[in-house]
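*Asks:* Compute the structure for the input listed below.
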Amino acid sequence: MAQTNVPIETEELILLASSGEEMEEQEGPHQEEEAPHQEEEAPHQASQADTYDTHFHPDRIQSKREELGEPGKQPEQPVDLVGGVLNYCDPENYTSPDFVNELVRLQEGRNTWKIAMGIHPKQASTFTERHWQALLRHLDNPRVIGLSEVGFEFTMSPEEWPNQERLFNALLDVGTRGRVLILHLRGVEDGTSVHVISRRLIRKKCPKGQRIHLHSFNGTVAQMRAWTTEFPNCFLGLSGLTRWFSDHQRTMVREIPEGRLLLETDAPYLPPRPGMRFNEPKFLGDVGRLVAGLRDIPLARLMAVTTANAQRLYCS
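*Replies:* Numbers count the residues shown, from 1 in each chain. Purely as a prediction, here's the structure:
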């Protein structure tokens, strides 16, 4: 079936977010620290390009808008969003039985907008049976094409790590065939252990051809190569986190094979420019400018490549 590429405004994404049950606002599980001060760059407008935001959180964007109003800036690199992946990993936000059906209704005619659901590893000790059953119910809906965001947050106390592994195993047991496995992997020191553990568990429970999205990847060249070598359908998402990258991580950005590269905002987190209150999908072009600069390629080429990769991973 032919895909329908229809640009969508951030306001419509917020409408998608508001279809769940009412809940108390809660802080996202991985708010990043403010980047070191940087001089604000002069606006550098480029012609609008078709782009695909492979990872953002509509429910959390809604919370930030209610708290802070607007992001505080406008994009310097305007883009037309022709698709994206709506991620819901806070189970209290999706307990309504009609949650996914309402999202599908709001997305009618926009086949390149996808839904991914899961339980964030930071909630491995706090999710309830009610949350688990809600997730299982939604995963039965064929419009939910990703398991997200799941994995390990080893910046938490080591006492939490066994619970995270139990949750990850349980999620893999639900089944990933036909779904993209969207991984949140944060470690301590160089983070090697979290990558080794994740690959070991996926190797045991998933086919070699499993589709994988390493969300907001911040690893080393060696870690990147280990993933892309073992799993031929593994893609790496880069976000505004590249603002904070070390020299070694910048080398990793340059070394990612072009055919495995994705762009994401992780909105409302990781704003790509100083002085922003929070992030939104409309800033994907500004994320792209960061990545294109590190890879020393034209922004237009980066946008074309990452959009094609995203549609290959999520829409084919």
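
*Asks:* Just the element for Met303, please.
*Replies:* Met303 belongs to helix 299-314 when assigned by DSSP states H and E.

*Asks:* Dump that helix to CSV, restricted to CA.
*Replies:* Extracted in CSV, the C-alpha atoms of helix 299-314 (Å, rounded to 0.1, in the frame of the first residue of the first chain):
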residue,chain,number,x,y,z
LEU,A,299,22.5,19.3,5.5
ALA,A,300,20.3,18.5,2.5
ARG,A,301,22.1,15.3,1.9
LEU,A,302,21.9,14.3,5.6
MET,A,303,18.1,15.0,5.7
ALA,A,304,17.5,13.0,2.5
VAL,A,305,19.5,10.0,3.8
THR,A,306,18.1,9.9,7.3
THR,A,307,14.5,10.3,6.0
ALA,A,308,15.0,7.4,3.6
ASN,A,309,16.5,5.3,6.4
ALA,A,310,13.7,6.1,8.8
GLN,A,311,11.0,5.1,6.2
ARG,A,312,12.9,1.9,5.5
LEU,A,313,13.0,1.0,9.2
TYR,A,314,9.5,2.1,10.2
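
*Asks:* So which elements touch that helix?
*Replies:* The contact analysis (3 or more CB pairs under 8 Å, 6 or more residues apart in numbering; DSSP states H and E) places helix 299-314 against strand 49-56, strand 79-88, strand 261-263, helix 284-295. Backbone N, C-alpha and C define where each C-beta goes, glycine included.

*Asks:* What residues sit buried inside the last one?
*Replies:* What that stands for is helix 284-295. Residues of helix 284-295 classed as buried: 284-292, 294-295 (neighbour count, 16 or more other CB atoms under 10 Å).

*Asks:* Flag the shaky bits of the stretch 51-200 of the chain, pLDDT-wise.
*Replies:* Scanning the stretch 51-200 of the chain for pLDDT under 70 picks out the ranges 189-191.

*Asks:* change it to 90
*Replies:* Applying pLDDT under 90 to the stretch 51-200 of the chain flags residues 101-112, 142-143, 175-178, 187-193.

*Asks:* What segments of it are strands?
*Replies:* For the stretch 51-200 of the chain, the strands defined by DSSP state E, counting those that start in this stretch cover 79-88, 113-117, 144-153, 180-186.

*Asks:* Columns mean neighbour count and distance to Asp50 on top of those strands, output as CSV?
*Replies:* Shown next, in CSV, are those (neighbours: other CB atoms under 10 Å; distance: least, CB to CB, whole Å):
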stretch, mean neighbour count, distance to Asp50
strand 79-88, 25, 5
strand 113-117, 26, 14
strand 144-153, 25, 20
strand 180-186, 24, 21
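
*Asks:* Tell me which of those strands sits nearest to Ala49.
*Replies:* Nearest to Ala49 among the strands of the stretch 51-200 of the chain is strand 79-88 (5.5 Å), distances taken as CB to CB.

*Asks:* Centre of the chain to that closest one, how far?
*Replies:* Relative to its chain's centre, strand 79-88 lies at 10 Å (CA atoms, centre = their mean, to the nearest Å).

*Asks:* do you know which of the helices and strands packed on helix 299-314 lies nearest Asp173?
*Replies:* For the helices and strands packed on helix 299-314, the distance to Asp173 is smallest for strand 79-88, at 20.2 Å, taking CB to CB.

*Asks:* No further queries at this time; thank you.
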